[in-house]
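**Student:** Mind folding the following:
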Amino acid sequence: MCEKRDSLVWCLAAGLGLSKTAAPIGICYGRVANNLTSPSLVIDLLKSNNIRYACLFDADPTTLKSFSGTRINLVIGAPNKILPSLASSPTNASLDWLRSNIFAHVTANQVRYIAVGNEVLFLKDQFYTPYVVPAILNLYQALQTLGLTDSIKLSSPQATSVVVNPYPTLFTSLNLVGLEECLRNVERRMDMDMNRMLED
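**Tutor:** Purely as a prediction, here's the structure:
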């Protein structure tokens, strides 16, 4: 993902002059900075440049309300600090978070992705790592309950340090240590769910 500290990061800005058949262009709209541009001005700027995608790093109510009804498609971040709550079982916390933090401010048809956590696998502090997969699974079940799994997708953005030896590309590989831990969490979660089903 784009860096949080940038107040307004243009992604693929060089593509503005491309033809209409080019891939869509979007921005990462961070809000951790001084002298921030107001959401309304940002939205006007996006519209004037025919930019229809924006990534928000959290579900800030004021920002979401500003984007509501603009026909700008959103990627909305679920910050690391709320992963333990989202990972809790059953999925009530995930349902509550979706309803009160996102859909209370913007309609579901404007949301394209939910980015679960931010670069969790490669943080020096691994506190949040075990919560990523359970949070994704609970959010998926919550979206399923709301009938939104076809229109809203889940992802977990990771740091570029996941790529080992990026050049030359022929020898590029991935650092899978964090991913292996996540997959172990998936396996444990599936075992727990299976045991719960057998007990019912």
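**Student:** residue nearest the centroid of the protein?
**Tutor:** Closest to where the C-alpha atoms of the chain average out (CA atoms, centre = their mean) is residue 115, at 1.0 Å.
**Student:** That one against residue 59, yeah?
**Tutor:** No: if you go by CB atoms under 8 Å, residue 115 and residue 59 don't touch, sitting 10.8 Å apart. Heads up, the C-betas are built off the backbone N, CA and C, glycines and all.
**Student:** what's the overlap in contacts for these two?
**Tutor:** 76-78 (CB atoms under 8 Å, 6 or more residues apart in numbering).
**Student:** Please name the residues that touch the residue nearest to the centre of the chain.
**Tutor:** Contacts for residue 115 (CB under 8 Å, 6+ apart) come out as 1, 55, 57, 75-78, 155-157.
**Student:** Count residues in the vicinity of residue 81, would you?
**Tutor:** Using other CB atoms under 10 Å, the number of residues around residue 81 comes to 10.
**Student:** go on, the one 5 residues further on?
**Tutor:** Residue neighbour count, defined by other CB under 10 Å, stands at 24 for residue 86.
**Student:** Let's see the pLDDT reported for it.
**Tutor:** If you check residue 86, the pLDDT there is 95.
**Student:** so it is in which element?
**Tutor:** helix 83-87 (DSSP states H and E).
**Student:** export that helix as PDB, just CAs?
**Tutor:** In PDB, the C-alpha atoms belonging to helix 83-87 read as follows (Å, rounded to 0.1, in the frame of the first residue of the first chain):
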ATOM      1  CA  LEU A  83      -7.500  -6.900  14.300                       C
ATOM      2  CA  PRO A  84      -7.800  -8.600  17.700                       C
ATOM      3  CA  SER A  85     -11.400  -7.500  18.000                       C
ATOM      4  CA  LEU A  86     -12.200  -8.500  14.400                       C
ATOM      5  CA  ALA A  87     -10.500 -11.900  15.000                       C
END
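**Student:** got the buried residues for it?
**Tutor:** In terms of neighbour count (16 or more other CB atoms under 10 Å), helix 83-87 has its buried residues at 83, 86-87.
**Student:** neighbouring strands for the helix or strand hosting residue 27, and are they parallel or not?
**Tutor:** Element membership for residue 27 (DSSP H and E) is strand 26-29. Looking at strand 26-29 with DSSP bridges, its partner strands are strand 9-10 (antiparallel), strand 53-56 (parallel).
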